[in-house]
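Undergrad: Pasted the sequence and its predicted model underneath.
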Amino acid sequence: MDDIVAESGKLLLLGNEAIARGCMEAGVSIAATYPGTPSSEVGGVLERVAQKVGMYFEYSTNEKVAMEVAGAAAATGLRAFVFMKHVGLNVASDAFVTLGYTGVRGGMVVMTADDPTAHSSQNEQDNRFYSKLALVPMLEPSTPKEAKDMLKMGFKISEELGSPVLYRTTTRVNHARAIIELEKIPEIEQRGRFQKDPQRFVCIPAHARLDRIAQLERWERAMEMAENSPLNFVEGEGEIGVITCGVSYTYVKEWLKGVQILKLGFTNPSPEKKIANFMKDKRFVIVIEELEPFLEDEVLRIAKGHNIGVPVYGKRTGHLPRAFEFNPDIIASLSELVSVEERKLPLDVEKIALPRRPPMLCAGCPHRGTFYAAKRAVGKKEVVYSIDIGCYTLGVQPPLTMGDFLLCMGSSIGAAGGFSKATDQKVMAFIGDSTFFHAGVPGLINAVFNDHRFVLVILDNRTTAMTGHQPHPGTGRKHGEWTSEAIKIEPLVKGLGVGYVKTVDPYDLKGTQAAMKEALEYDGVAVIIAEKPCPLALKKERRLTKGQYKVDQEKCNKCYTCVEKLSCPALFRVGDDVVIEETMCIGCGVCAQVCPKKAIEEVDQ
Amino acid sequence: MKYNIQMVGVGGQGVLLASMVIGETAMRKGMDVTMSEVHGMAQRGGSVTSTIRMGDNVISPLIPKGGADLLLAFEPIEAYRSLEYANKDTYIVANTHPIIPITVSMGADEYPDLEYIIEKMRSASSKVIPVNATEIAIEFGGAIATNSVLIGAVAAVKGFPLYVEELKESLLYRVPKKFRDMNERAFQGGYQAAMEIMDQF
């Protein structure tokens, strides 16, 4: 039931689904990504439909590789799309910045899905600065509908300029839903042809200098395009001006009254003349944008350059916050300056103590067993836990509390090496399988090369679980006509020269704990691979053989070791008893191994 | 006309599926729709929220505090946590079946008494509709149909802009064939339960 490839009609689509549809309507030939929220669902759709519409789509091993794949394709004249979450662009920035120099032949759009409020990220960096850093023009959609339309515009702009285009979304565009009108999907070009031009595409210093000049010329043309772009328009009447972009525009449009709006979609280079004209006869101007005062500083610069004395309010004046995403209530905070749509008062509610509900490892998650066994193996010793990005980051939550340091994808291994050189403390690093292939391998090579000493636990659940079960080099791929074999982690690690390598089953606590103990004694880099498929992935693929455990209340001595030490969400207290929620338990049996009284037993089904 | 729904619950309860059913019904009816969901980390057993806006000229994906016409909560403490989205005219449909957070199992936090939560909610608003959706679902064939019970309950809410039959049709369209009967009964059960409470208003 793939409505998303229909010829026409209307669908209620997530921003990311609209973006995937936009790729089809733009005739994108090649798309690549490494999954990262809030961008993940774009890949979910493309994975499903790419072959049907004649597009090549791949999950690359990391964002930099994805950028290189797409950049090469665009150099052959094909349309290429590469997408990632905001921090993914940090990884890909090396390739991205130089692509800004070489430019492209076919259209190339680079999506950065920023995450204000850091809903599911390690930071909330404003990636609009990458468009300034790389001198790559930028578009910013406000809604799912605009997301589709603007993506198509992005390819046109890219081709007209011969430059990649940065397409910057935020969580509330990627994860908003709206009614999307389906438009024509053209025939997708299958093969490009690379015309050699080393002076342009081989960035040795002598060539890079020429590219730099060409880039600045492109930038001049981009400035003209931004001035005349229909993506930058004025709405409404009033002597108070609002300059806005992205999802902030939707809040302004619905809840601010009596203002004239300059809505910017083509935000870098900013349309200087348009902004100056807009400001000239205003009483004052408010710049409303999430995160950094990116446009606001442009507006201040332009006002100064054009001798416009109109006051500019926004983040620099403290009228709007610089942290976290906006919402309609933030618009209300402008009521001193401008009239805001009247709203009903929220209920007057008495504050009562409510239990917190943090996200956690699912019932039956193999990582729970791995962490539990590691904790037992460590015992009372002081160990620094260097962790990484993925579901297992949740191991930081009590009662497991297995996480002391985390920077970015792959950092667990590099940092563990650093700790091992900098301190006398024992170090254990934890990394997932997908993350290991993404950015862990170089860290491990470094550790072997530089004689680091730590235990590395690779939590291999055979998928990229956190973002929705995408494949990675360790799983191999079956995609229509082509398949690739899984790259096995154990021989890879052995091949790097790691002296202690052992694969364990994390549902077997004893075996896992014994291996961890040995590894902690090992003098050098020791690697444990805790391998067990993610039960949610198995469930999706209808491969999960579910078991069921229950607590024998007679045998249970109410010591609560299971709920207090293991924190499986299927296990909880009802009065004095511990019960297992039938609908959640998958029968992994880890709780039964933890129970000192052997009061948790498997139920025959 | 604009109608705003704030939906809240716990990861795995089907909050997003239920919001799709409501959103698609509004779309078929020719209304404009905009929605916003929480994904990612929050899927793993944490709090999940979804905002649905329908009617004319709905643009923003979020609503202000006090901006909901309907608050639909899949879990009682999540209902309480989100009361700031309600105003004195907001109908509050709340499943009364608790899902115990891990913080409570571990003994770090306490889950308040259910009666107490409902009483506190009622002292803030005269439009609370507590429905034991999970129990009703089990009665009609399985806890899995809790979702359908709550969608049925929503259909009963005064001023709700979508008709009962329209909602039911959208729901059943999304449910696998062999579970349609069960979900239809669950939907009806939710509708009845909410109607009975509404009659007392």
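TA: Nice, thanks for sending it over.

Undergrad: so residue A:261 makes contact with residue A:251?
TA: No: with the criterion set as CB atoms under 8 Å, residue A:261 and residue A:251 do not qualify as a contacting pair; they are 11.3 Å apart. All C-beta spots, glycine's among them, are computed from the backbone N, C-alpha and C.

Undergrad: Between those two, which is the more surrounded one?
TA: Neighbours were tallied for residue A:261 and for residue A:251 using other CB atoms under 10 Å in any protein chain shown; the higher tally belongs to residue A:251 (26 against 20).

Undergrad: residues touching the more buried one, list them.
TA: Under the criterion of CB atoms under 8 Å, 6 or more residues apart in numbering or on different chains, the contact partners of residue A:251 comprise A:288, A:326-328, A:330-331, B:60, B:62.

Undergrad: Could I get the full set of strands for chain B?
TA: Taking DSSP state E, the strands of chain B run over residues B:2-10, B:32-37, B:47-55, B:70-73, B:91-95, B:128-131.

Undergrad: Might you list the low-confidence residue ranges for chain A?
TA: Counting by pLDDT under 70, chain A contains low-confidence ranges at A:1.

Undergrad: In it, spot the helix with the most residues.
TA: Of all segments of type helix in chain A, defined using DSSP state H, the longest is helix A:205-228.

Undergrad: Show me what that helix is packed up against.
TA: On a contact count with 3 or more CB pairs under 8 Å, 6 or more residues apart in numbering or on different chains; DSSP states H and E, helix A:205-228 meets helix A:86-102, helix A:144-161, helix A:198-201, strand A:266-268, helix A:272-280.

Undergrad: picking that back up, format the contacts of residue A:251 as TSV; extra columns: neighbour count and secondary structure.
TA: Written out in TSV, the entries for those read as follows (neighbours: other CB atoms under 10 Å in any protein chain shown; DSSP: H, G, I helix; E, B strand; the rest coil):
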residue	neighbour count	secondary structure
A:288	27	strand
A:326	27	coil
A:327	22	coil
A:328	22	helix
A:330	18	helix
A:331	23	helix
B:60	28	coil
B:62	23	coil
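
Undergrad: who are the neighbours of the strand or helix carrying residue A:529, in terms of helices and strands?
TA: Assigned by DSSP states H and E, residue A:529 belongs to strand A:525-531. Contact analysis of strand A:525-531 by 3+ CB pairs under 8 Å, 6+ apart lists helix A:366-378, helix A:441-449, strand A:454-460, helix A:489-495, strand A:500-504, helix A:509-521 as its packing neighbours.

Undergrad: With chain B as the reference, name the closest of those.
TA: Chain B lies closest to helix A:366-378 among the helices and strands packed on strand A:525-531, at 11.0 Å (CB to the nearest CB).

Undergrad: got the residues of the stretch 101-250 of chain A near chain B?
TA: The stretch 101-250 of chain A has residues A:119-120, A:143, A:172, A:175-179, A:247, A:250 near chain B, with proximity defined as CB under 8 Å from any CB of the partner chain.

Undergrad: CA atoms only: put the strand holding residue A:529 into CSV for me.
TA: Once side chains and other backbone atoms are set aside, the C-alpha atoms of strand A:525-531 remain, and they are given as CSV (Å, rounded to 0.1, in the frame of the first residue of the first chain):
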residue,chain,number,x,y,z
VAL,A,525,42.7,-3.5,24.1
ALA,A,526,40.1,-6.2,24.7
VAL,A,527,36.9,-6.5,22.7
ILE,A,528,33.7,-8.2,23.6
ILE,A,529,31.0,-8.5,21.1
ALA,A,530,27.6,-8.9,22.8
GLU,A,531,25.4,-10.2,19.9
